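Student: I'd like to go over a predicted model; first the sequence, then the structure.
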Amino acid sequence: MKKAFYLSLLILFFVSCKQQIDEKDLVKMNGYWEIEKAEMPDGSKKEYKVNTTIDFFEIKGNKGFRKKVMPQLDGTYLMNDLSENIEVVNKEGDLVLSYATPYAKWKEEIITLSDDKFVVKNDQDIKYYYKKSKPFSVK
């Protein structure tokens, strides 16, 4: 019984630990990112082996944008004029990306953020795992 209690306490400790993200770390999001996988609320996962489009983020202070771009075989990116405006909001210590386009508004909470990976969770509790994109070239 005692072992089960301590095991439960240990599990609760690890589950409740969450990376605290500082606003100054948001510069790590700048650049090209591709979705590695998505995790649904029921625990099922969707792997993204090949991405025909990747996301370009640019955040300065608490504002920025995200743009979908298409990597080309020569290492460049094809892009259009469409972008999603981003405002970073601090909600009770959690950093939330608040997106807006002329057609929709939505939010994603930043769960983890490092130099080469980050995870966001949207309003439907779907987690998106991003990894830093590396340029591809056949030269």
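Tutor: Here it is on my side, so go on.
Student: tell me how many other residues crowd the spatially closest residue to Lys127 that is not a sequence neighbour.
Tutor: The spatial neighbour of Lys127 that comes closest, neighbours along the chain excluded (CB to CB, 6 or more residues apart in numbering), is Glu39 at 4.3 Å. C-beta coordinates here come from the backbone N, C-alpha and C atoms, glycine included. Glu39 has 16 neighbours, counted by other CB atoms under 10 Å.
Student: and what of Glu47?
Tutor: Neighbours of Glu47 (other CB under 10 Å): 9.
Student: wait, doesn't it sit right on Lys37?
Tutor: Yes: using CB atoms under 8 Å, Glu47 is in contact with Lys37, at 5.0 Å.
Student: can you pull the contacts of the residue nearest to Lys127?
Tutor: Lys45, Ile126, Lys127, Tyr129 (CB atoms under 8 Å, 6 or more residues apart in numbering).
Student: and the host helix or strand of Lys37, how far from the chain's centre?
Tutor: Using DSSP states H and E, Lys37 sits within strand 31-39. Strand 31-39 sits 7 Å away from the centroid of its parent chain (CA atoms, centre = their mean, to the nearest Å).
Student: neighbouring strands of it in the sheet, and parallel or not?
Tutor: The pairing partners recorded for strand 31-39 under DSSP bridges are strand 45-47 (antiparallel), strand 54-60 (antiparallel), strand 127-132 (antiparallel).
Student: bridging residues for the residue nearest to Lys127?
Tutor: Lys45, Lys127.
Student: that one and Pro71, how far apart?
Tutor: 24 Å (CB to CB, to the nearest Å).
Student: try Asp25
Tutor: Taken as CB to CB, the span from Asp25 to Pro71 is 26 Å.
Student: between those two, who's got more neighbours?
Tutor: More crowded of Asp25 and Pro71, by other CB under 10 Å: Pro71, with 20 against 16.
Student: many thanks, I have nothing further to ask.
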